[in-house]
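Enquirer: How does the following fold in three dimensions:
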Amino acid sequence: MTWGRLGHPSELLKVGQQLEVVVLDINKEKERVSLGLKQTQKNPWDQIEERFPAGQRIKGKITNLVPYGAFVEIEEGVEGLIHVSELSWTKRIMRPSDILTVGQEVEAVVLGVNKEEQKISLGLRQLEPNPWDEIEKKFTIGSTVKGKIRNMTAYGAFVELDEGIDGMIHVSDLSWTRKINHPSEVFKKGDEVEAVVIDIDKVNQRISLGIKQLTEDPWKTIDQKYKIGDLVKGKVTKLASFGAFVQLQDDIDGLVHISQLSEDHVAKVKDVLKVGQEVEARVIKVDKLERRIGLSIKAANYTEEQLRKEAETFDTLRPGEDMVGLEKAFAAAEQEEYRPGESKKEREESEEPKDAKDSKRESKKTKK
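Expert: Here you go, the predicted model:
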């Protein structure tokens with residue numbers, strides 16, 4: 001009936017109306033004659049690329065709205081589609097109906113034409129310059145910016161810097177000293193924050209921000225603040241099977257390995273310390289490169305000679321011995337599956353049922 005969109009014949013024709021049509025097919029067996037009304041007019045898709053080249057601005061009327069876009073009639077029989085992603089450079093538009101209505105007159109830009117499939121891609125946002133093209137002029141790397149926390153994920157927090165333009169603070173850029181597993185430990189939605197622009201990716205439209213970059217990294221001068229032998233005070237912040245983390249000044253954590261809790265054997269850290277408890281300890285290890293500080297509670301009252309021997313012993317130990325290196329201990333902090341000083345054989349034996357252990361002992365006696 002028409003090259004354009006038609007929902008029902010009554011929208012175009014009425015009973016008794018005189019028409020001029022084209023005979024398309026004759027089926028004698030079924031006694032049917034197929035007629036065409038649109039064939040009396042020129043196909044509007046002929047020479048469509050020449051009439052609507054990419055980049056041209058056009059005007060049209062919204063004929064239909066769907067979740068993925070809006071259909072625009074740019075002339076009778078020719079419709080183009082504005083995909084939802086082409087509505088705005090920066091606004092987060094979930095549905096075209098949020099900003100458009102059926103029957104609305106709009107201006108758009110032709111993005112592409114497919115004559116064979118009779119499809120024309122249109123864009124609304126192309127009517128304005130893309131703010132990301134000159135994003136570096138507004139947000140320079142190293143500059144300090146302010147914004148509101150819009151959303152949070154497990155890996156970071158999104159900060160709204162401008163309408164539709166977000167920056168992302170990765171969890172690793174929240175603190176120089178603290179291990180933060182989720183941004184909700186520091187922020188809540190709607191918080192106003194200040195941050196430093198770390199990087200700008202124009203192609204992927206991403207701005208990387210950092211909170212910790214607002215201050216100097218305390219680990220740069222850590223060897224000036226803490227030296228082996230120093231007596232320090234702090235609060236226990238976390239207990240693990242292999243030791244306890246103690247918060248010192250500047251939010252820096254030190255590790256008291258389980259072997260450094262007492263001269264007596266300690267089976268469980270929680271039997272000796274509690275979270276929030278104030279403790280006094282000696283610094284027995286400072287590793288600036290690995291950002292590690294080793295502490296000893298049992299050495300708090302040591303003489304200089306005793307402390308020197310303890311530090312020497314600590315440095316010469318191999319991973320797997322009772323006083324395991326700090327790097328191994330810190331690495332196990334998130335897993336709890338590694339017990340410093342416990343060999344694989346010992347761990348397997350400790351996990352065996354008592355009956356199985358007794359059976360092994362009896363077997364050894366029999367062999368002897």
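Enquirer: What is the neighbour count of residue 263?
Expert: 7 (other C-beta atoms under 10 Å). In short, each C-beta sits where N, CA and C put it, glycine included.
Enquirer: And the contacts of the helix or strand hosting residue 169?
Expert: Per DSSP states H and E, residue 169 falls inside strand 165-170. Strand 165-170 has contacts (C-beta atoms under 8 Å, 6 or more residues apart in numbering) with 90, 131, 135, 139, 145, 147, 150, 155-161, 183, 193, 195, 197, 206-211.
Enquirer: Mark which of those residues are buried, thanks.
Expert: 90, 131, 135, 139, 145, 147, 156-159, 161, 183, 193, 195, 197, 207-211 (16 or more other C-beta atoms under 10 Å).
Enquirer: Which of the residues you listed fall in strands?
Expert: In this view, the buried ones among the contacts of strand 165-170 that belong to strands under DSSP state E are 145, 147, 156-159, 161, 193, 195, 197, 207-210.
Enquirer: of those, the lowest pLDDT goes to which?
Expert: pLDDT across these is lowest for residue 161, at 90.
Enquirer: just to revisit the earlier point, make JSON lines from the ones in strands among the buried ones among the contacts of strand 165-170 and add distance to residue 248 to it.
Expert: As requested, these are exported to JSON lines (distance: C-beta to C-beta, whole Å):
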{"residue": "145", "distance to residue 248": "31"}
{"residue": "147", "distance to residue 248": "32"}
{"residue": "156", "distance to residue 248": "27"}
{"residue": "157", "distance to residue 248": "27"}
{"residue": "158", "distance to residue 248": "32"}
{"residue": "159", "distance to residue 248": "30"}
{"residue": "161", "distance to residue 248": "35"}
{"residue": "193", "distance to residue 248": "26"}
{"residue": "195", "distance to residue 248": "26"}
{"residue": "197", "distance to residue 248": "31"}
{"residue": "207", "distance to residue 248": "34"}
{"residue": "208", "distance to residue 248": "30"}
{"residue": "209", "distance to residue 248": "28"}
{"residue": "210", "distance to residue 248": "23"}
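Enquirer: Name the nearest of those relative to residue 115.
Expert: Of all those, residue 207 has the smallest distance to residue 115: 40.2 Å, by C-beta to C-beta.
Enquirer: Who are the contact partners of that closest one?
Expert: Per C-beta under 8 Å, 6+ apart, neighbours of residue 207: 135, 139, 161, 165, 166, 167, 168, 197, 199, 200, 201.
Enquirer: and if you look at residue 195?
Expert: Residues near residue 195 by C-beta under 8 Å, 6+ apart: 144, 145, 146, 147, 159, 167, 169, 209, 210, 211, 213, 214.
Enquirer: Return the alpha-carbon coordinates of stretch 155-169 using CSV.
Expert: Extracted C-alpha coordinates of stretch 155-169, given in CSV (Å, rounded to 0.1, in the frame of the first residue of the first chain):
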residue,chain,number,x,y,z
TYR,A,155,36.9,-2.5,42.5
GLY,A,156,36.2,1.2,43.0
ALA,A,157,34.0,4.3,43.4
PHE,A,158,32.6,6.4,40.6
VAL,A,159,32.7,10.2,41.1
GLU,A,160,30.5,12.5,39.1
LEU,A,161,32.7,15.3,38.0
ASP,A,162,30.3,16.9,35.5
GLU,A,163,26.9,16.1,34.1
GLY,A,164,27.4,12.6,32.7
ILE,A,165,31.1,12.6,33.2
ASP,A,166,32.5,10.2,35.9
GLY,A,167,35.9,9.6,37.2
MET,A,168,36.8,6.3,38.9
ILE,A,169,38.8,5.8,42.1
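Enquirer: so can I have JSON lines of the contacts of residue 195 showing distance to residue 116?
Expert: Below are those laid out as JSON lines (distance: C-beta to C-beta, whole Å):
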{"residue": "144", "distance to residue 116": "53"}
{"residue": "145", "distance to residue 116": "48"}
{"residue": "146", "distance to residue 116": "51"}
{"residue": "147", "distance to residue 116": "47"}
{"residue": "159", "distance to residue 116": "46"}
{"residue": "167", "distance to residue 116": "43"}
{"residue": "169", "distance to residue 116": "47"}
{"residue": "209", "distance to residue 116": "46"}
{"residue": "210", "distance to residue 116": "50"}
{"residue": "211", "distance to residue 116": "53"}
{"residue": "213", "distance to residue 116": "53"}
{"residue": "214", "distance to residue 116": "57"}
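Enquirer: Let me know the closest of the residues you listed to residue 55.
Expert: Using C-beta to C-beta, the contacts of residue 195 come closest to residue 55 at residue 167, 31.8 Å.
Enquirer: Any idea what that closest one is bridged to?
Expert: residue 159 (DSSP bridges).
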